[in-house]
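Novice: predicted coordinates and the sequence they were generated for:
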Amino acid sequence: MEQHTPRQRAVGSRRTPDGRTEGSRPGRLAGRPRVLVWTACAAVLAVALAGGFFSTAEARTTAAATGFNPGSPGAGGSASPSAGPSASAPATAPAAPIDAALDSKINAILEANSQYQIGVALVDVSSGVSSASDVHEYGVRDAFVAASTAKVLAAAAYYHLVETGAATLDDPLGAYTSGFQLREMIQQSDNDSWSLIMNAVGHAELTNYAASIGVDYDPETNTLTPAEMATILAGVYSGTLLNAEDTAQLLSYMQDTNYETLIPAAVPDGITVFHKYGLLNAELHDVGILAQGGTAYALVIYTKGEGLTDDPERSEVIRQITKTVAGTLF
């Protein structure tokens, strides 16, 4: 299995994980207008985090406009008694269970596509913290080359440095600031930014941070199991890894990315998606949080095939699994 780490690419080039060249570097944002991203993110996080605000002046203005208040159940925050939008949010039905019927549907899709290696992990994060024992696993449970999905872990590790006072989002990193590199790494899946962030954290330190949250990760091999990736997503979304401000900012980047054709394309209107895709040679992945009202699930879909030639078929499998999960649970 081919390994993928940020060190495989020379700093200065700018390509997506499948080798396609992207646009110019400075500040390019793809997808929906940013103001819609901030607003949608605030509305969802008001339920999950009971408040929070972003670090930039622009984001703070948007947070104020939506009634978003600081504080969360995560590290460095405390729940606010006046959570803005959450106080008046309409009541929603309880989360649907991940039951035997859904298990059968997912397993049927995997069996119909047995020519590929596919690993799926699904966990209900509606009620807050989820442990590894809560993760439902399907198909391949062994580690995959995580490709760019591991950038979520790198981002969380760097935000952790910020929260402990060892770094700031204004630190120079490459030609820009660390805050800019974080955004590019997640929104644009920029590998140069990934390399800079990982080097700023330190490879050994990143391994130690992963271990502290129950994940076995070596940046040199860049491998994760679907269940480990689901654990990372659950920790980010629930606010147990980062404070409210950093959680909200990271999730906003995951809502507005340069590659929306996998999980996001298969989710019905009304369900918010925070995700990170991975695309490298034979590896094609998408991982994310599906949220609506007070209901939220972490969904991880890792696939390995022959290479770029069967990406369209595996893309369709990812969308099929997503539609099945969303249609059953929401």
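Specialist: Cool, got the structure.
Novice: hmm, who's touching the longest helix seen in the chain?
Specialist: In the chain, with assignment by DSSP state H, the single longest helix is helix 311-329. The contact list for helix 311-329, computed with C-beta atoms under 8 Å, 6 or more residues apart in numbering, reads 18, 95-96, 98, 101-102, 105-106, 109, 113, 116, 118, 120, 122, 261-263, 265-268, 271, 279, 284, 286, 290, 295, 297, 299, 301, 303, 305. The way it works is simple: take the backbone N, C-alpha and C, and place the C-beta from them, glycine included.
Novice: give the rounded mean pLDDT of it.
Specialist: Across helix 311-329, the average pLDDT comes to 97.
Novice: residues of it that come out buried?
Specialist: By neighbour count on 16 or more other C-beta atoms under 10 Å, the buried set for helix 311-329 is 311, 314-315, 317-326, 329.
Novice: what's near enough to touch residue 173?
Specialist: The contact partners of residue 173, by C-beta under 8 Å, 6+ apart, come to 180, 181, 196, 197, 200.
Novice: in helices, which of those fall?
Specialist: Per DSSP H, the subset of the contacts of residue 173 in helices is 180, 181, 196, 197, 200.
Novice: quick check: of these, which lies closest to residue 153?
Specialist: residue 197 (10.4 Å; C-beta to C-beta).
Novice: can you give me the pLDDT of the closest one?
Specialist: At residue 197, the pLDDT value in this model is 98.
Novice: so who does the nearest residue to residue 143 once chain neighbours are set aside touch?
Specialist: Excluding the flanking residues, the one nearest residue 143 by C-beta to C-beta, 6 or more residues apart in numbering is residue 223, at 4.0 Å. Contact analysis of residue 223 by C-beta under 8 Å, 6+ apart lists 143, 144, 145, 146, 217.
Novice: neighbour-wise, which one of these leads?
Specialist: When neighbours are counted by other C-beta atoms under 10 Å, residue 146 leads these with 28 neighbours.
Novice: do you know the pLDDT at it?
Specialist: On the pLDDT scale, residue 146 gets 98.
Novice: was I right to think it contacts residue 222?
Specialist: Yes: here residue 146 reaches residue 222: they are 5.4 Å apart, a contact under C-beta atoms under 8 Å.
Novice: does residue 290 count as helix, strand or coil?
Specialist: strand (DSSP: H, G, I helix; E, B strand; the rest coil).
Novice: and it, what are its bridge partners?
Specialist: residue 273, residue 297 (DSSP bridges).
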